[in-house]
Structure formats: structure tokens, C-alpha cells
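Asker: The following comprises the amino acid sequence and a computationally predicted model.
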Amino acid sequence: MLEGKRVLIGVGGGIAAYKVCDLVSTLAKAGAAVQAVLTDGAQQFVTPLTFATLCRHPAYTDRDFWQPTHSRPLHIELGEWADVMAIAPLTANTLAKLAYGLADNLLTNTVLASTCPVLLAPAMNTDMWQQQSVQRNWQLVQQDARYHAVGPGAGILACDRVGMGRMAEPPQILAHLQSLLYTGGHRDLAGRQILISTGGTREYLDPVRFIGNPSTGKMGLALAQAAAHRGATVTLVHAPMEAGLLASLQGVRLIPVVSADQMRQSMLNYFPEADWTIMAAAVADVKPADYSSQKLPKRSLPEVLPLAAVPDIVAELGGLKQPHQRLVGFAAQTGDILAPALEKLKRKKLDAIVANPVDQPDSGFGGDRNQAIFLDAQGRQAAIGPCSKLEMAHRVLTLLL
Ligand code: C5P
């Protein structure tokens, strides 16, 4: 998603600038062409040399802006060059300039001389962030379709306070940049309610033992992230997942569940309001027939565990589906993936199914990459990947449009 893409990073004067070095390094290693513009404030924290070295390209400051050595004005060159721009950290000062269209330095002139999407990653002290003037400016910029917001979050700040104002982490900014590059910044899912399930359910035998599977929930998380970046209203019903993964989601309603029965109940609750429902969860197909509320002593564990079936959630939703609703399933398969996926598509009354070969490299549980065949009820087939789970998520959403 980044190979050959032109990314312009505007660095503001905040301590979070040190984290942006990492972001630039990741972008460059992923094959993106990266250039950086540093404000005067930014240079108090990081140097142009740091960025030039990481970008493998000159990094620009206001001194370059006022030099008569460029054949064309630098801000125009940079503005025309960029496919996407990120301003990180975005300070209260630069935010105010963007809100009112001021242009008194290279960075703000470049923003005004460009038309690409601009991702804004604010970072500041909690009191600064909560000022009415700052909040007003933040609302103002978000009325402009060009600007996309990532963060800020809550956490420990460099001023030793714990509160709002912490810059989004580099992986979160990176994911959002990738989405903007994919869509060109269009919020093509605005107004859509999307319900997604993810993660592996746990079917407990007693308080400490369960039947589960290795699903990490990353595919559903990528779907939620991609849909939110494209303007959808997203609800994510998730089985137990690593907290750090969930923290990377912004603007997504999270509904935690543990067992298939709980997932079924939550999916039934939110299904009526959903335009699209995507069932990416790895639901355990069986549960222990009995549950003990006390931990069973080892000697009391049965040699053969009696099992009971869990409800097929997506098939139940297929029966409830209204004509305006779309229902998508996933089929994790080994061996032949097409025939069983087609059979599930029909039997569960799905509009589409994403069949992924979990026995192939670059695919399935745990990793950041995946590959699949998308099949729909109209007989369409599309191969996706191998690619990142975020790219697969975008491809699936585009196929549903
Ligand atoms: O039948 P199979 O489990 O392979 O079907 C996969 C699809 O069905 C996935 O979308 C999965 O989330 C869903 N599923 C479900 N309830 C189950 C089992 C699977 O909704 N009990």
C-alpha cells in the first residue's frame, strides 16, 4: 500500500516529534518516498538531519522556504508532489493556522498549496488541548473534508500529567495514512452502519479451562479500522484480544464478549441497525456440555469431554436479514477452499464470503498478512493478496460497495 507512494510529513514543535522519526523510518523502509518539512519549533526537538537521513531525502525548514535557489516555489513543488500529508505532532499553534487558513511558514503554505488528504495527529498538554479555543479550532478543521484526524489519546504526557493530549502511536498514524492512500481520502462509507465480529471465542469448562482457537482478531480489527477510516459508523463485537491491539482503534464502538453465546447475543442486539455485517470471528463450533463454576480438580476431569454445539451465529443472522442488509462471512479453510466456501455462502444465506486458506504461508491466524478468495451470491470471484490485513480489509469493503 506504500510502495512508490509520496508521503509528506509536516513536523510540529512538540516532544512527540521524536516518535515521528520512527514513523518516517517505517514509511521509507516500506518503499514510500518520504519528504519532511520541519517548523521552527520542531527543530528545537529534532533536527532536519535526523529526518533527511531517515527519508533519504532533504528535509525542509523555513530557511529553505525563503531561499531564492528553487526554480519553482518550494511550497508549490512540495504540495504538488505529495499523495498524502501528515502533520505530526500537530501543535495548538499550527492547528489554529489550519483552522483559519493562515500561511506564515513553509508547512502551512504547503498545506494551502496542495489538494491531497491531510492527516492530523495532535499532541499537547491536557490543559492546552482542553482550551475552548483549541477545541473550537479542532472542530473547525474537521468540517473540512480534506482533514482527517488521528488521536489524540489519553496517557502519560511529557509534562508528567496523565490525560488527553498524547499523540497517536506511529502504527496508528501509519494505518490511517495507508487508508488515505487507498481511498484518496474519500469517505465512501459515510452514513453506513457496519457491524463486525472478530477474535476467537472461548468456551469455558470451568473458570480456568476453555476450548478456543488461535485467532488474534487482527482481520476483524483491520476491517473495523478500514471502515472507520472511510467514514463508516462501526461496531466491533470482539472475543478476548490483546489490549494493545484494541487501543489502536479510534472511533469504533467496542463490545467485548467471551463465549459464542455472548457473541450471538451481542450480534443479535446490534444486527437490526447494521447496513453491513461482517462475521470475521472464529467462533468455536462446540462448547463443553457442562460448566463447573469451581475449578475442577485434575482427578475430576473427564477422560472424554462431552461437547455441545454452539449456535451458528451468521446462519441465524442470515435468516433475520432484511433486503437492505448485507451479510458477509469468513471461511477459514485448509485444502480446497472454494467448494466449502460456496456451500457456506448458500447454506448460511450470505451475500458474500471471504475464504482464506489458513494452511498457506502469509495467511490466516495471527500474522499481519493474509490472502483469500472473495465470493459473492452473484457468482463473482476475486482473489485478494497475499497482502496486509489492512489492505485485504479495504479490498473486501470496496468489493461490497
Ligand atoms: O461453518 P464455519 O465455521 O466454517 O463458517 C464460518 C463463518 O461462520 C464465519 O463467518 C464465522 O464467523 C461464522 N460462524 C458463526 N457461528 C458459528 C460458527 C461460525 O457465525 N458457530
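Answerer: Received the coordinates, thanks.
Asker: Not counting sequence-adjacent ones, nearest residue to whichever residue of the stretch 51-200 of the chain sits closest to the ligand?
Answerer: Proximity of the stretch 51-200 of the chain to the ligand (Cβ to the nearest ligand atom) peaks at Ser197, 6.3 Å away. C-beta here means a position set from N, CA and C on the backbone, and glycine is covered the same way. Setting aside the residues directly before and after it, Ser197 is nearest to Ala281 in space (Cβ to Cβ, 6 or more residues apart in numbering), at 3.9 Å.
Asker: Ok, Asp188 next?
Answerer: Nearest to Asp188 is Arg230, by Cβ to Cβ, 6+ apart, at 5.6 Å.
Asker: Would you check that the one you found makes contact with Arg187?
Answerer: Yes - between Arg230 and Arg187 a contact is recorded at 5.9 Å, counting by Cβ atoms under 8 Å.
Asker: who's more crowded, the two?
Answerer: With neighbours defined as other Cβ atoms under 10 Å, Arg230 and Arg187 compare such that Arg230 has more, 25 against 13.
Asker: Which phi and psi values does that one adopt?
Answerer: Arg230 adopts backbone torsions of phi -90, psi 10, taken as degrees, to the nearest 10.
Asker: Same question for Ile353.
Answerer: phi -140, psi 140.
Asker: I'd say it and Phe330 touch.
Answerer: Yes - judged on Cβ under 8 Å, Ile353 makes contact with Phe330 at a distance of 7.0 Å.
Asker: So what's the residue count around Ile156?
Answerer: 10.
Asker: Equivalent analysis for Pro386, please.
Answerer: Neighbours of Pro386 (other Cβ under 10 Å): 15.
Asker: Identify the neighbouring strands of the least confident helix or strand in the chain by mean pLDDT in the sheet and state each direction.
Answerer: Least confident helix or strand of the chain, by mean pLDDT, DSSP states H and E, is strand 153-156 with a mean of 85. Strand pairing for strand 153-156, determined by DSSP bridges: strand 162-166 (antiparallel).
Asker: if we look at the partner strand, which residues are touching it?
Answerer: 16, 122-126, 128-130, 151-157 (Cβ atoms under 8 Å, 6 or more residues apart in numbering).
Asker: Wait, a helix at the residue of the stretch 51-200 of the chain closest to the ligand?
Answerer: No - counting by DSSP: H, G, I helix; E, B strand; the rest coil, Ser197 is not part of a helix but strand.
Asker: Leu223 versus that one, what's the distance?
Answerer: 10 Å (Cβ to Cβ, to the nearest Å).
Asker: between these two, what contacts are shared?
Answerer: Contacts common to Ser197 and Leu223, judged by Cβ under 8 Å, 6+ apart, are Ile278, Ala280.
Asker: on that earlier part again, of the contacts of strand 162-166, which count as buried by neighbour count?
Answerer: Ala16, Pro122, Ala123, Met124, Asn125, Thr126, Met128, Trp129, Gly151, Pro152, Gly153, Leu157 (16 or more other Cβ atoms under 10 Å).
Asker: residues contacting the first one?
Answerer: In other words, Ala16. Per Cβ under 8 Å, 6+ apart, neighbours of Ala16: Ala88, Pro89, Ala121, Ala123, Arg166, Met167.
Asker: Surely the last one touches Leu119?
Answerer: No - contact status for Met167 versus Leu119: not in contact, 11.9 Å apart, counting by Cβ under 8 Å.
Asker: what's the overlap in contacts for these two?
Answerer: With Cβ under 8 Å, 6+ apart, Met167 and Leu119 have common neighbours Ala88.
Asker: before we move on, what SS does the residue nearest the centre of the chain have?
Answerer: Geometric centre of the chain, nearest residue: Gln225, 2.9 Å, by Cα atoms, centre = their mean. The three-state label given to Gln225 by three-state DSSP is helix.
Asker: circling back to that earlier point, quick check: the farthest pair among the contacts of Ala16?
Answerer: Ala88 and Arg166 (12.2 Å; Cβ to Cβ).
Asker: neighbour count winner among these two?
Answerer: Ala88 (27 against 23).
Asker: what about that one, distance to Gly14?
Answerer: 9 Å.
Asker: Overlap of the contact sets of those two?
Answerer: In contact with both Ala88 and Gly14: Ala123, Met167, using Cβ under 8 Å, 6+ apart.
Asker: beta partners for the closest residue to Cys55 other than its chain neighbours?
Answerer: Closest residue in space to Cys55, ignoring its immediate chain neighbours: Val34 at 4.4 Å, by Cβ to Cβ, 6+ apart. Here Val34 sits in beta bridges with Val7, going by DSSP bridges.
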